[in-house]
Structures are given as structure tokens and as C-alpha cells.
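J.: below are the sequence and a predicted model for it; my questions follow.
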Amino acid sequence: MLSLAQLNHATQAEFSQALQAVYPKAPWIAERAGSARPLATLAALKHALVRTVREASRDEQLALIRAHADPADPAAPGAQHAAGAAPAPADAPSDAGAGHGTPDELARIHALRADYSARFGWPFVLALRGPRGSGLRAAQIIATLERRIDNPPEFEFAEALRQLHRMAELRLNDAFGFVPEQGQRVWDWCERLARHSEQPGGLTVTYLSDAHRAAAAEIAATMRDCGFDQVDIDAVGNVVGVYHGDDPAARRLLTGSHYDTVRNAGKYDGRIGHFIPMACVRALHLAGRRLPFGLEVVAFAEEEGQRYKATFLGSGALVGNFRPEWLDQPDRDGVRMRDAMRQAGLPGDLAAIATLRRDPARYLGFVEVHIEQGPVLNALDLPLGIVSSINASVRHMGEIIGMASHAGTTPMQVRRDAACAAAELALFVERRAAADGDSVGTVGMLEVPAGSINVVPGRCRFSLDLRAPSDAQRDRLRDDVLAELAALCARRGLRYQVEEAMRESAAPSDAAWQHRWEQAVAALGLPLHRLPSGAGHDAMKLHTAMPQAMLFVRGEHAGISHNPLESSTADDLDLACAAFTRLLDQVATS
Ligand code: HGY
Ligand code: MN
Ligand code: MN
């Protein structure tokens, strides 16, 4: 069993010898990383090796990839072991390696690997123990091959290296006898919660659906299992767990994130933000430990605004931002929110909702852990990032009205085509947002209501999602887009209507809480990387009432999110639990 003390006191030769299996056939990595000693943590050791590879020459990196014997090939040397490990550990499940697929699956993997190598000039590299560390099934390997074979070469080169780093991480865990238990627990909770969905074969949980209510009940039950002193589902469906401080009347640290999802979502968006604090409370409870402050963990019921145009409803209710008119808003089936609430066993009245407003004086602040939902940490090979600010955003829903007419007889020059106008707008949004460099603009919804293949579209509905690091920049972007909408409709002889659906101000992190996250991450032996959040979060709402700061967790697959490919490793989730625990310790001892 390796230890940091042993490695820190070893000669360079002993250090290299001890780590020779971590990146096989690349002794230069340990030789160069040895100068990073003394290493304070296992995470620091892993990062030192990663950094050495990142700083190596392209030829050295390519040789490293090409030296990888691909265990996905049953004939490859070492194929009997689950890739991503040296000799597969006893706990590696039988289906860990591709060698355990059906003959058809293996043949498919063989063929795809050959195509992959022919396309890129290096072997397909995949840590077969996967994000949890317990193995991928052959079908998952095939899906990964089919997805990655279409990646641009430069992305795949970096991804092959990332997969080698993941294998190295798993090998080091085995060598140190380290199991990321907290991270695996959070990973498993996310996996289990994802069983509740409105979408067969995928994850969709919208406000107050049956799946949403089942998810709330499951989160509440998990909170009780963790040892929370109070667990309630409040008047808007938030699941609220309180773990008292040594004095139950002590002020509390508020934390959490949302459990609703977008349509066809990933399993981690929002959900790790309540599960990570829950795992930390579980550890406190098992240790019989009380902090000098209370911990209030909230799984917010509605953040994504999918069923009703009422984004950040759950967190908004805590800061007095629930809009009365939301109660009468119908969903696309005509069900008013008030009725949906009552069907879900909630009061559905403003008086009850008003009582949810928190008194900021009772709280130390709000912290939120969230997946990055972007490519930055994945590209930097960093497990955690410090959020400096949450971008400002504004959303609009609109419709362009032209004239439906015969697709065959209407000359092009006399058409009043609403869809072409919307397409012109979408391309303007793309150009205009890109011109700022750090703004983003999205036309996420584009619909010809009751359209027909042989009818010139007379109407076209669209959405606008515009974001920027500051309110002023967001507003300039919005003004330009709305001005272009007016101009292009005038040019085309069309009418339009557009209404604002949501507007959130930029939310800079509170300096003191951001610093606590920085100290927590630094204590793990990891470098600090500060980044803005392009995504909106519940922290934007709490920002209006109390100091807040966020921690980001790296996403796999270039941090893709709002997509079933959204993924996080148990090791990164474990580091986030460790960072959260260190933040609690800082507050407890300050
Ligand atoms: O859209 C967002 O930024 C968040 O995921 N609701
Ligand atoms: Mn989201
Ligand atoms: Mn989210």
C-alpha cells in the first residue's frame, strides 16, 4: 500500500519505481513530477502527474497515447483486466471490461476501434471502470466509441489524455487503498433519484409532476436517513433539511440546489448541490458532531422553468420573490399552477408561500455546489473551480406573424414567411452575441405551430436566452436583438409579439465566502481556478438576500450539460464533499 509519507521521503528512483504502473511505459512522467514533492494530498499527487503530461511535448503526449494497450480489445495485452486499473482489483465487477460483452458487442467494439485508429492515428483510450469506478458495460463502451469517433481530432487527442489521467487516478486509488466513498454515495444518490422521470428512457422532472413528487419524497427520506433533525416539504415543494448546531437557536448556513430538471436532462445538474451537503451532514451525524451553527440544506423544487414560466421559483420563495400571478399561470395542458400545487398536496395559496421568506439575519450566508455545465475545468484537467460571478440573463418568448400560403404557388418575392424571419433573427443573435466575446445568445425554441410541409409558415414561435457578465452588457445585447427583430419584420412585412419571461441580474460572489471556497480547495492540494458561471443558479436568488458563493465541479465530456451525457466522476464528487467539509470546518473555527 503506497503512502504520501513514503513517496515524499523516497529517492527519485524509488518514487519513479513506486509509480511506474500509473502511466505505463512512460517513466518520464514520475521522473519529472518528483520535483513537485512534498505532496500534501493524493489529489495533489494526481494533479502533479497530470500537470507533467500537460507540460510535455506533443510527441511525448502522442507516444503516451500510442503506448496505451487498449483493453477494449480482448486480444490486447492485459485485456482481462478492467482498463483504468493495473491488475483489475477484486471488486471490479465482471462486466467491467469489454472482454465480457456478447460476441456481437465485441465484434462491434473491434470494428469501431479499427475505424477510430484509422481516423485518428492513435488507439481508442477509455477508462473502462467509468465515472463511478466500478465498470462500464460493453454497450456503454460502444456508445462512447460511436460518439467519440465523430469528435474533431484535437478534441479527441485531449480526450485520450484525459482518459489516461482517469486510469492513472484509479490506479493510484488502488495503490493507496483509497475509495472515494462520499463521492460514490453522492453518485449513487443521483443515479437512484434519476429513476423518477416523466420521460421513458431519459430524465425529465418538471414542477409538481408525479415524478417530481416522487423525487421530493425520496430526497426527504434520504435526508432523514442522513440524520437531519428536521425534514419538511414546504409550500412550494422545496425539500428542507435542518441539522442543528450545538445550539438549536444558532444562526444557520444555508445551502442547496434544485432537483427539477430540463427535458432529457443529465443526472447531476442541481442535484449534487443538495446531495453533497447531505453527505456531509451524514458524516457529521455519524460522528456525533455538532457545529457552532446550523446547516439548512434545501432541494429547490423549481429552477429550470420548464412547466411554468416561473424560473427559480423554489429559491425565489425563500427571498420573497414568488410572483402572485404565477399561481394562475396555465401550463401547456391548461393546468394552473395553483391547481397543480393542490393536486400535489400543497396549499397553493400566497399566505402559505409568504411564510417561506427567510430572515437574512438568521443566516451566515448561502453556498451552492454545482456542476460547471461548461468545458473549462474539463479542458484544464481540474476537478474543482471557484465561481467568481454568475452571469446576468434575460429570456423572452415571442412569435412572428406572417401569412400562411401555398408552398407551390406563392412566388418567393411575395411571401410573408414567419419561419425565415425567425431564422434570420437566430443568425443575428448568434453573430451579435459572439461579437461581445463573453456574451451568449440562444434561440432554444423555434416552432411553426400546426405547420405543414406544403404551407409557407404563417406563424413562428421562438425563445431568446441572452446572457452576459454584467447587467449593462446583457441589456445592450437584448436591445440590439429586439431592434433587429423589429427591423427584419418591417423589411419582410411581418408582425411580431415578444414578452420578457425572465430577467436575472449578475451575481458576483461574496468575497469572504469565495475566499472560504478558495481556502477549502487549496487545502485539498489543488490549484485554484476562478471562473464566471454562464449558467444561472439558485444562488442568484439568495444573492438578493444574503452573501453567497459557489463551487463548481468538473463535468466529463467537455462539461456537456442539459443533456443525458452530463457526467461527473465519483472522485470529483468526493473532492467536492471534502471541500464542503473543509468550508464547514473553517466557519466552525473562525
Ligand atoms: O439555464 C440555466 O442557466 C440554468 O440551468 N437554469
Ligand atoms: Mn439547468
Ligand atoms: Mn442547475
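T.: Yes, it's here. Ligands and ions are numbered 1, 2, ... in the order given.
J.: residues from the stretch 201-350 of the chain in reach of ligand 1?
T.: By CB under 6 Å from any ligand atom, the residues of the stretch 201-350 of the chain that approach ligand 1 are 303-304. In this view, the C-beta of every residue, glycine as well, is placed from N, C-alpha and C.
J.: mind listing the strands for the stretch 201-350 of the chain?
T.: Assigned by DSSP state E, counting those that start in this stretch, the stretch 201-350 of the chain shows strands spanning 230-233, 239-243, 252-258, 294-300.
J.: what does the pLDDT read for the residue nearest the centre of the chain?
T.: Nearest to the centroid of the C-alpha atoms of the chain, with distances taken as CA atoms, centre = their mean, sits I371, at 3.2 Å. If you check I371, the pLDDT there is 98.
J.: gap between it and V236?
T.: Distance from I371 to V236, counting by CB to CB, to the nearest Å: 24 Å.
J.: who does the longest helix anywhere in the chain touch, helix- and strand-wise?
T.: Criterion DSSP state H: the longest helix present in the chain is helix 153-176. Under the contact definition 3 or more CB pairs under 8 Å, 6 or more residues apart in numbering; DSSP states H and E, helix 153-176 sits against helix 42-55, helix 58-66, helix 103-120.
J.: which SS class is the residue in the stretch 351-500 of the chain positioned nearest to ligand 3?
T.: The nearest approach of the stretch 351-500 of the chain to ligand 3 comes at H370, 5.8 Å away (CB to the ion). Judged by DSSP: H, G, I helix; E, B strand; the rest coil, the three-state class of H370 is strand.
J.: run a quick neighbour tally on it.
T.: 27 (other CB atoms under 10 Å).
J.: partner residues bridging it?
T.: H370 forms beta bridges with F552, as assigned by DSSP bridges.
J.: what sits against it?
T.: By CB atoms under 8 Å, 6 or more residues apart in numbering, the residues touching H370 are 257, 269-270, 272-273, 533, 535, 537, 550-553.
J.: and if you look at D328?
T.: 336-338 are the contacts of D328 under CB under 8 Å, 6+ apart.
J.: so G555: helix, strand or coil?
T.: G555 ends up coil, using three-state DSSP.
J.: sorry, back to before: buried stuff in the longest helix of the chain?
T.: Under the neighbour-count criterion of 16 or more other CB atoms under 10 Å, helix 153-176 has 156-175 buried.
J.: how about stretch 201-211?
T.: Within stretch 201-211, the residues scored as buried using 16+ other CB under 10 Å are 203-209, 211.
J.: adding pLDDT, write those residues out as JSON lines.
T.: Shown next, in JSON lines, are those (pLDDT from 0 to 100):
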{"residue": "L203", "pLDDT": "98"}
{"residue": "T204", "pLDDT": "98"}
{"residue": "V205", "pLDDT": "98"}
{"residue": "T206", "pLDDT": "98"}
{"residue": "Y207", "pLDDT": "98"}
{"residue": "L208", "pLDDT": "98"}
{"residue": "S209", "pLDDT": "98"}
{"residue": "A211", "pLDDT": "98"}
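J.: among the residues you listed, which two are most distant?
T.: Greatest spatial distance in these: L203 and L208, 16.6 Å, computed using CB to CB.
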